[in-house]
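Engineer: Need coordinates for the following:
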Amino acid sequence: RRCGKVDAGNTAVVDDGEEGSDDAMAPLQLPTDEDSDVVAGVEQSLLSLRQFQDTQRGRIEEELSADGAGDVLDSFMSEMSARQREEEADTAPGRAEESEESDAHFQIPELPYGRYLELVIYTTWGDRHYVGLNGIEVFSMDGLPVRASRISGDPADINSLPGYSADPRVVSNLLDGVNHTRDDFHMWLAPFTAGKRHTVSIAFTQSTNIAMIRIWNYNKSRIHSSRGARHIALLLDGEPIFEGEIAKACGGLNGGIEAFGDTIVFTTDSDVLNMVGEHDEWFQREAAEFASLSESSSSVMGEDRPGTAAKASEMPSEDRPETRVGQQPTEEQTPRQKDASKRSKWKSGQKPCVGRVLELQFTETWGDGDFVGLTGMAVLGARGKALTLSEDQLDANPRDITVLDGYESDIRLLGNLLSDCCVTMDDGHMWLAPYEPGIANVLTVDFGAETRVTGVQFWNYNKSAEDTCRGVKTVHAFLDGQQISPNSGYLVRKAPGNCHFDFGQSISFGPAVSGSVSSMIPATGSSDDVSAAKLPAGFMFRLRLLSTWGDPFYVGLNGVELYNEHFQVMEPNLVTAFPESCNILPDVDDDCRTPDKLVNGVYDTFDGREMWLAPVLPDVINDVYLVFEVPVCVSMVKLWNYSKTPSRGVKEFSLLVDDLMVFGGVLAQSDGMATGILPTCPPPVQHQSILFTEDADVVYGEREFVISQPKADDVIRMVDEDNPRGSEQRNTNVKKPVQAHRPTTSMPSSGVARTHAQRR
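Structural biologist: Model prediction:
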C-alpha cells in the first residue's frame, strides 16, 4: 500500500515512470518503510481523522421528503439546496458556457488519445461542504492499466483547510489500487464550494489511447457516500471526452461495480474490450463468480427445474378446518373500520366507559426530544368497533407542526389521523407536532354526546426506521375528566419503520388492563420476580433469517414458541413474515405453507402442509414477526427447523426484540426423513431452545437442545481489503443465485387435513 504526501504545490508522485514536462506538478518522493517517522505519521493521521469527525461541518441533505417537510433545519437547508442548484446551473463551467446545440451534439470519442487527464467535479450527491472519491482506474487500448507519473487536486485535500495538516485522505490515494474499501487511508476528500471547479489532474508517463475509465465514488459509509461526485466532466489534453452523472456509492462492500461508481467505455471494439477484461481485476472477479455459480447450479439442479408439489394421491381426503392469520397489507390499503373490527379483541362482559370527551395525553416519545407523531388513530366503541369521526371532532395542543414558524404549509396535519391510509411510510398521511420533554401533548376527541368507549387503536409514526423514534411511547387516557388509564399510562408499540405488516395496536380501557408501563416490570417480592425483570421484554419479536443450509432459493421453519416468565407458551396477536410465503411468487396463489403454520402446534412433522416456506430474494433478509398488543417477557424460545427439505432450513439467524438484538446463533439442520429404529417410524423432529432464564429446572431440562452462541473463531471476521482471512476464508465461495434458476414449488391448501393423532 502506497500513501503519497502532498507538498505546497498539492502534487504527489504515484509511479516511478517518466516524469514528463509539466513544471506545475513538482514531484515528491513517497515515504519508505525505513522512515523512522512512519509510525508517528500514522498516529498523527488517525488523530487528524478523529479531529475531523468531531468538528466536521458536513450535513446530509438527501432523502428529504417530497413535500420539503422535515425539521426546521431540514426546511431551511431544502431552500438553500434549491438555490444552490440554480447557482450551479448558471455558474458551473462547461454547462452555462456551452449552448444547448453543442450539448445535443456532444459524443463520447472513440479511443481518445492524450497524456493529461483532468476530472472536473461540479456537484456532489448532497453534501455541501466536502467532495471525495475512492479511486480512478484508466485502461489503454492494449488492455493494460495506464501508468501515471503525477496526480494533483484543486483543492488538494482536507489538509488545505485551517487546522488540518496530517489527514490521510490525500489525492495520491486515488491511484494506490485499493478502491473497493471503506478505509479512510485509501480515499480522497477535499473541501467543496458550490459553483466552483474541483479538479483532479493526472499526468500519464506517456501519451496513450484510452479505452476505459472507471471512477470509484466515495464509499466511507451509507451516510457519507453523499460526499461522492455526481456531475462531472473528463478532459484529455484539454478536450472533453465525457460529461455526465456518476453513480452514488452504496456505502458498503457488497454488490457489483455498479454499486460503487461508474465505468466509462470509449470503444465498442470487442477485441479491445476483451483485452481490457483480461487485465481488469474486478471484471475477472465477477466473471469467476458467475462461472462458479453456473457450475454449481447445473450440478445441483440439472437442466430441468424440480417441482416440490405433493401428489394428489398423497393428499388426505378429509377437509381441513379453515384457519387464517391477518393478511399482510400493502401500503395505503387498509380501511379503518374494517381493520379495527378485525384486530380489536372484544372480551365478553367487559364494561365499556361512557362519556362525551376523550382526552389522550402523550407524555413520552420513543426517543425524539423535538417532535411527536402518529400515522393513524381510531376510537373503539361497543364490541370493539371503530367509531365514525370527523376532523371537526378532533383538537390537539399543540395542534400540529404548522404552529411552528416556516411550517405553515406543512401537510402533516391533525386531520390525517382519520385517514384510511394507516399502513404507510408516506408522511403526507401522518400527524406531527412539536414536543417538549416533560410537557404532555394533549389530543381531545369530542363525540358530541354520551358515547360508549372501549379503547383506542394506534398506528405509530412510521416515516422511516430512524424517524420511528418520533412515535408516541406513553399515553394517559381521560374520559370527561376521569382517568381511565393506569397511573403509569399505556405503552404504545413502536412502529417497525416498514410496511411488512399491519402495525396497528389496540389498547382496551378497563380496570383489568394489561399493557401499562408498569406491566413490563413484575411486582417485587420474590426471587422469581427479580429473575423475570432480567428477561427480554417488548411488543415485537423478529427472527432475522440470514442463511439456509444450502438452498439458495427458499427458507422455512416448522414452528416457533415463545414462553413467558412463568414458562407458559404465549400466543402472539399477529404472526407474519416478509416475504410472507411462496404465494408472492408468480403463478403461485394457493400455497398452504403460510406464517400461521409457525404457531399451529404441529411442529414434530414431515408434512410440508404444516410448515412455513418463503422465497429467498436478492438483497432481502427474510424476517418472521411475532407481534403482541401488550409488552411481554420471554424466558425461552423454541424453534423447529424445516424438516421436509432440510437444506431449506434456517442456518444463521438473530432474534430482535423491539429492534434490539438479544440473540444470534446457528440453528442445527433437521435430520430429514432418516428412518428411526423401526423402518416405518421416522424419528421425531427435535426443537432447539434459546434460554434467557436461569431457572435450574428449565436449564437442566433443555440442556440437550440449547442453541449455543457461535465460537470466537466463528464470530471474529478478519478482513484484508475485503479478502477474508482465517476462519472466514472457507465462506468465500458463497455466490448469489441466479433467480431464473429458482425451482418451482407449490403445495395447494385444498383438501388438507390432519388427524387427531397428529395434533399436539
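Engineer: What residues does N134 make contact with?
Structural biologist: 174, 179-181, 186-188, 216-219, 249, 260-261 (CB atoms under 8 Å, 6 or more residues apart in numbering). In this view, the C-beta of every residue, glycine as well, is placed from N, C-alpha and C.
Engineer: would you say E561 is within a strand?
Structural biologist: Yes. Under DSSP: H, G, I helix; E, B strand; the rest coil, E561 sits within a strand.
Engineer: Can you tell me the number of residues neighbouring it?
Structural biologist: By other CB atoms under 10 Å, 19 other residues sit near E561.
Engineer: What count of nearby residues applies to V699?
Structural biologist: V699 has 14 nearby residues by other CB under 10 Å.
Engineer: and if you look at K248?
Structural biologist: 24.
Engineer: That one is in contact with S225, isn't it?
Structural biologist: Yes. The pair K248 / S225 is scored as a contact, 5.6 Å apart, by CB atoms under 8 Å.
Engineer: related to what we said a few turns ago, turn the contacts of N134 into JSON lines, including distance to D590 and pLDDT.
Structural biologist: Output for the contacts of N134, formatted as JSON lines (distance: CB to CB, whole Å; pLDDT from 0 to 100):
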{"residue": "L174", "distance to D590": "56", "pLDDT": "94"}
{"residue": "N179", "distance to D590": "49", "pLDDT": "91"}
{"residue": "H180", "distance to D590": "45", "pLDDT": "89"}
{"residue": "T181", "distance to D590": "48", "pLDDT": "90"}
{"residue": "H186", "distance to D590": "53", "pLDDT": "91"}
{"residue": "M187", "distance to D590": "52", "pLDDT": "93"}
{"residue": "W188", "distance to D590": "56", "pLDDT": "94"}
{"residue": "W216", "distance to D590": "48", "pLDDT": "94"}
{"residue": "N217", "distance to D590": "46", "pLDDT": "95"}
{"residue": "Y218", "distance to D590": "49", "pLDDT": "94"}
{"residue": "N219", "distance to D590": "45", "pLDDT": "92"}
{"residue": "A249", "distance to D590": "43", "pLDDT": "91"}
{"residue": "F260", "distance to D590": "42", "pLDDT": "90"}
{"residue": "G261", "distance to D590": "45", "pLDDT": "90"}
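Engineer: Which of those residues fall within helices?
Structural biologist: With DSSP state H as the criterion, helices contain none of these.
Engineer: how about TSV for those, with distance to I136 and neighbour count added?
Structural biologist: Shown next, in TSV, are the contacts of N134 (distance: CB to CB, whole Å; neighbours: other CB atoms under 10 Å):
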residue	distance to I136	neighbour count
L174	5	27
N179	8	26
H180	13	19
T181	14	21
H186	12	23
M187	12	27
W188	9	25
W216	7	26
N217	11	26
Y218	12	28
N219	14	30
A249	14	28
F260	12	28
G261	9	26
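Engineer: picking that back up, now do the shared contacts for K248 and S225.
Structural biologist: W125, N217.
Engineer: State the mean pLDDT of whichever strand or helix holds V472.
Structural biologist: Under the criterion of DSSP states H and E, V472 resides in strand 472-479. Strand 472-479 shows a mean pLDDT of 93.
Engineer: Would you mark the buried spots in it?
Structural biologist: Across strand 472-479, burial judged by 16 or more other CB atoms under 10 Å covers V472, K473, T474, V475, H476, A477, F478, L479.
Engineer: what's the answer for stretch 435-451, then?
Structural biologist: Going by 16+ other CB under 10 Å, stretch 435-451 has these buried residues: Y435, A440, N441, V442, L443, V445, F447, T451.
Engineer: quick revisit: could you list the paired strands of the strand holding V472 along with their orientation?
Structural biologist: strand 353-365 (antiparallel), strand 482-483 (antiparallel), strand 490-491 (antiparallel) (DSSP bridges).
Engineer: which residues are in contact with the second one?
Structural biologist: Around strand 482-483, the neighbours that count as contacts under CB under 8 Å, 6+ apart are G355, H476, A477.
Engineer: before we move on, the earlier item: F663: which of the buried residues of stretch 435-451 is nearest?
Structural biologist: Y435 (33.4 Å; CB to CB).
Engineer: I'd like the contacts of N134 laid out as CSV, including distance to V650.
Structural biologist: Formatted as CSV, those follow (distance: CB to CB, whole Å):
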residue, distance to V650
L174, 43
N179, 35
H180, 30
T181, 32
H186, 37
M187, 37
W188, 43
W216, 36
N217, 36
Y218, 36
N219, 31
A249, 32
F260, 31
G261, 35
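Engineer: Run a quick check on K473 versus D368, I expect a contact.
Structural biologist: No. Assessed by CB under 8 Å, K473 is found out of contact with D368, at 9.9 Å.
Engineer: now D426: how far from A440?
Structural biologist: Distance of D426 to A440, given as CB to CB, to the nearest Å: 27 Å.
Engineer: make that S160, sorry
Structural biologist: 51 Å.
Engineer: Over to K597?
Structural biologist: For K597, the distance to A440 equals 44 Å [CB to CB].
Engineer: and what of K534?
Structural biologist: Distance from K534 to A440, by CB to CB: 31 Å.
Engineer: Now for the nearest residue to S165 once chain neighbours are set aside: which residues touch it?
Structural biologist: Nearest non-adjacent residue to S165, counting by CB to CB, 6 or more residues apart in numbering: N159, 5.6 Å away. Counting by CB under 8 Å, 6+ apart, N159 touches V6, S165, A166, D167, V170.
Engineer: hmm, back to that, list just the nearest of the contacts of strand 482-483 to F628.
Structural biologist: Looking across the contacts of strand 482-483 and measuring by CB to CB, the closest to F628 is A477, at 19.9 Å.
Engineer: so which helix or strand takes in the residue nearest to that closest one when sequence neighbours are not counted?
Structural biologist: Nearest non-adjacent residue to A477, counting by CB to CB, 6+ apart: S485, 4.1 Å away. Using DSSP H and E, S485 sits in no helix or strand.
Engineer: Do I have it right that L574 meets Y625?
Structural biologist: Yes. Counting by CB under 8 Å, a contact exists between L574 and Y625, whose distance comes to 7.0 Å.
Engineer: can you list residues touching both of the two?
Structural biologist: F501.
Engineer: so for the host helix or strand of V632, what's the average pLDDT?
Structural biologist: Element membership for V632 (DSSP H and E) is strand 622-633. For strand 622-633, mean pLDDT is 91.
Engineer: Could you point out the helix or strand that follows it?
Structural biologist: strand 636-641.
Engineer: can you map out the helices along this protein?
Structural biologist: 38-55, 72-91, 100-104, 270-279, 281-301, 336-343, 527-532, 696-701, 712-715.
Engineer: rank the ones you listed by pLDDT, which is bottom?
Structural biologist: What stands lowest among the helices of the chain, in mean pLDDT terms, is helix 336-343, with a mean of 39.
Engineer: which stretches of this structure have low pLDDT?
Structural biologist: Low-confidence segments of the chain (pLDDT under 70): 1-42, 49-106, 289-352, 510-533, 672-683, 709-736, 738-741, 746, 749-760.
Engineer: which strand of it spans the most residues?
Structural biologist: strand 198-217 (DSSP state E).
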